[in-house]
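Enquirer: Okay, predicted coordinates and the sequence, questions at the end:
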Amino acid sequence: MKTILTLKYGEKYTSDDVNSIYEHTEGKYNYVCVTDDPKGLDPNIGIIYMEHEPEGNMEKLKLFQFNFGGPILYLD
């Protein structure tokens, strides 16, 4: 199945931003959010907890450690 992968850490994006992607695509895909704060995310969105690194942007590189088993659309 195709996966829509979002990255939400720090304060740039909110749970509402991630939830709106789910709503606008009508729940047709597998949804995963890599985040340091899962509060407020739709329960249909899978969560991968990742601590925010305040001195850098290594979160994006860490995404390569996961296998989602199919095509991924990554949104940052």
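Expert: That came through, no problem.
Enquirer: chain center to the lowest-mean-pLDDT helix or strand in the chain, what's the gap?
Expert: Among the helices and strands of the chain, helix 59-62 carries the lowest confidence by mean pLDDT, DSSP states H and E, at a mean of 73. Between the centre of helix 59-62 and the centre of its chain there are 12 Å (C-alpha atoms, centre = their mean, to the nearest Å).
Enquirer: Neighbours of residue 32, how many?
Expert: Under the neighbour criterion other C-beta atoms under 10 Å, residue 32 is assigned a count of 20. For every residue, glycine as well, the C-beta is placed using N, CA and C.
Enquirer: quick one: it from residue 23, how far?
Expert: Taking C-beta to C-beta, to the nearest Å as the measure, residue 32 falls 16 Å from residue 23.
Enquirer: before we move on, the earlier item: same question for the helix or strand following the least confident helix or strand of the chain: list its buried residues.
Expert: Using DSSP states H and E, the helix or strand that follows helix 59-62 towards the C-terminus is strand 72-75. For strand 72-75, a neighbour-count test (16 or more other C-beta atoms under 10 Å) marks residue 72 as buried.
Enquirer: residue ranges with poor pLDDT in this structure?
Expert: Low-confidence segments of the chain, defined by pLDDT under 70: 52-59.
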